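quick one: sequence and predicted model below, then my questions.
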Amino acid sequence: MDFSLSPENIAYRDAVRAIIEANVTPEVIDRMHTTGTFASPELNRALGREGYLERAVPGMGKGDPIELWILFHELEKAGAPYDGLAVAIMIAGVVHAVGTDEQKARIIPSITSGESMVGMGYSEADFGSDVASIKTRAVRDGDEWVINGAKMWTTMAHEADWIILLTRTDPDLPKHKGLTMFIMAADTPGISVDAVHTMGTERTNATYYDDVRVGDDAVLGGVNEGWRTMTVALAFERGVMGGSNAAVPLLRHFHDWAAPTGVLDGPVARERMARAVIDETVAQLLTQRSAWIAASGGLPGLEGSMTKVFATEAYQRISGWFSQLAGPAGLLQFHEPGAAGEGFVEYDARHVPVVTIYGGTSEINRNNIAERHLRLPKARR
Ligand SMILES: Cc1cc2nc3c(=O)[nH]c(=O)nc-3n(C[C@H](O)[C@H](O)[C@H](O)COP(=O)(O)OP(=O)(O)OC[C@H]3O[C@@H](n4cnc5c(N)ncnc54)[C@H](O)[C@@H]3O)c2cc1C
């Protein structure tokens, strides 16, 4: 595949870049690192106003397929707080793929205008990789569903307007078959949110569902079809909406600190810088392929797993190298005098452990590649 950008793509990229430059100020980046909320409503709205979010929703066919990659690559390179936006666009893509016409009309414009964000409630305290075993129940009561249970790691729930929620609707069916996905307003009575602050700065949440009542209009993708909806959501989550060139801003910050301090003069440092650039280039090509497939109406289930495993493990390697090269200066945090890479070396070292966990661990993605691509026997039931 040739991913060279056309003149139209370059004009789109420059326009996105200008919006990022105008909205991602040092104050916005500081706010992201002090609150742990990786989202900027102002940036989302500015992109939404220009129609750039609608063009990025997977499968909607509004923009050139490569624009999905351009948008998130620019956000990632700039170190912008874009996780909330990525989740929202991803779920807009899921609603587009499996939602009813009424849901598409009600939910997608609220996301593509940049107004609404979404929290994803799949994982529970005891079920992350084995998400098909979740216990949160949705029980039919007349015309309504009554939902009870608890979710863990519901990132963005504290800022979200919508919650997408995986529930068990038929406990008598095999575990993958008795699941139903719902999408509901985040302020539906009975939903509560507790903050969970992580070592890597990011804030996520524990969420609770206590006799939450919703109608059939909240069922996303059909009753007992939750696994199919989940498959679409995971295909868009891995290696498509950013997260796969996360070392690029680190590379820039590290270089700008290491070059004048002489750290880059040694052969080991030069070799590692070169390796980092090569790894990030490979990660970029893999991401372009996954994003292009998603934006063209496909499901990059396998390609996304390949991208996520390579890109997140490369980011971990690169962060480790830069920490070693920086020495004690790599332990200093933002705003501390002498901090390597303005504090990003320290921040990234704390952040990298999580990237091979969320969105499906490296082991789970390797299983996916082994089973679907290499046709090896299943490692689990
Ligand atoms: C910061 C953060 C944000 C998150 N955001 C969200 C969110 O917004 N929404 C959401 O629903 N979830 C979210 N998650 C949850 C995330 O998806 C899970 O943490 C992840 O899927 C792993 O599940 P687990 O934590 O239960 O670990 P476990 O599944 O218990 O895994 C523990 C270890 O066992 C390994 N393992 C498990 N099963 C297998 C297997 N079959 N084969 C080989 N190895 C295996 C895993 O790879 C891992 O190393 C988030 C997590 C974090 C840390």
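In hand now; what should we look at?

residues of the stretch 101-250 of the chain that sit close to the ligand?
Residues of the stretch 101-250 of the chain lying close to the ligand by Cβ under 6 Å from any ligand atom are 120-123, 128-129, 153-155, 198, 202, 204. C-beta coordinates here come from the backbone N, C-alpha and C atoms, glycine included.

one more time with 8 Å
119-123, 125-131, 151-157, 166, 198, 200, 202, 204 (Cβ under 8 Å from any ligand atom).

mind giving me the ChimeraX select for these, buried ones only?
In ChimeraX, a selection of the buried entries from those looks like this (16 or more other Cβ atoms under 10 Å):
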select :119,120,121,122,123,127,128,131,151,152,153,154,155,156,157,166,198,202,204
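
out of the residues of the stretch 101-250 of the chain next to the ligand, list just those in strands.
The strands, defined by DSSP state E, take in 119-121, 151-152, 166, 204 from these.

for those, which two are the farthest from each other?
For these, the maximum inter-member distance is 16.3 Å, found between 166 and 204 (Cβ to Cβ).

domain assignment for this structure?
According to automatic domain parsing, the chain comprises the domains 7-116, 120-228, 238-372.

can you list those domains in CSV and add mean pLDDT?
Shown next, in CSV, are the domains of the chain (pLDDT from 0 to 100):
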stretch, mean pLDDT
domain 7-116, 96
domain 120-228, 97
domain 238-372, 96
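
okay if I get those domains as JSON lines plus distance to residue 379?
Below are these laid out as JSON lines (distance: least, Cβ to Cβ, whole Å):
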{"stretch": "domain 7-116", "distance to residue 379": "27"}
{"stretch": "domain 120-228", "distance to residue 379": "11"}
{"stretch": "domain 238-372", "distance to residue 379": "5"}
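
ok, which of those domains comes nearest residue 1?
Closest of the domains of the chain to residue 1 is domain 238-372, at 6.4 Å (criterion: Cβ to Cβ).

quick one, what contacts the closest residue to residue 241 other than its chain neighbours?
Leaving out its chain neighbours, the residue that sits closest to residue 241 by Cβ to Cβ, 6 or more residues apart in numbering is residue 86, at 3.8 Å. Applying Cβ atoms under 8 Å, 6 or more residues apart in numbering to residue 86 gives the contacts 72, 241-243.

same question, residue 261
Per Cβ under 8 Å, 6+ apart, neighbours of residue 261: none.

burial measure for residue 263, as a count.
Applying other Cβ atoms under 10 Å, we find 18 residues neighbouring residue 263.

my bad, residue 368
Residue 368: 20 surrounding residues under other Cβ under 10 Å.

so where does the nearest residue to it once chain neighbours are set aside fall, helix or strand?
Nearest-residue entry for residue 368: residue 305, 4.4 Å, with adjacent residues in sequence omitted and distances by Cβ to Cβ, 6+ apart. Assigned by DSSP states H and E, residue 305 belongs to helix 301-326.

what's across from the residue in the stretch 201-350 of the chain that the ligand sits nearest to in the sheet?
Closest residue of the stretch 201-350 of the chain to the ligand, Cβ to the nearest ligand atom: residue 204 (4.5 Å). Beta-bridge pairing for residue 204 (DSSP bridges): residue 196.
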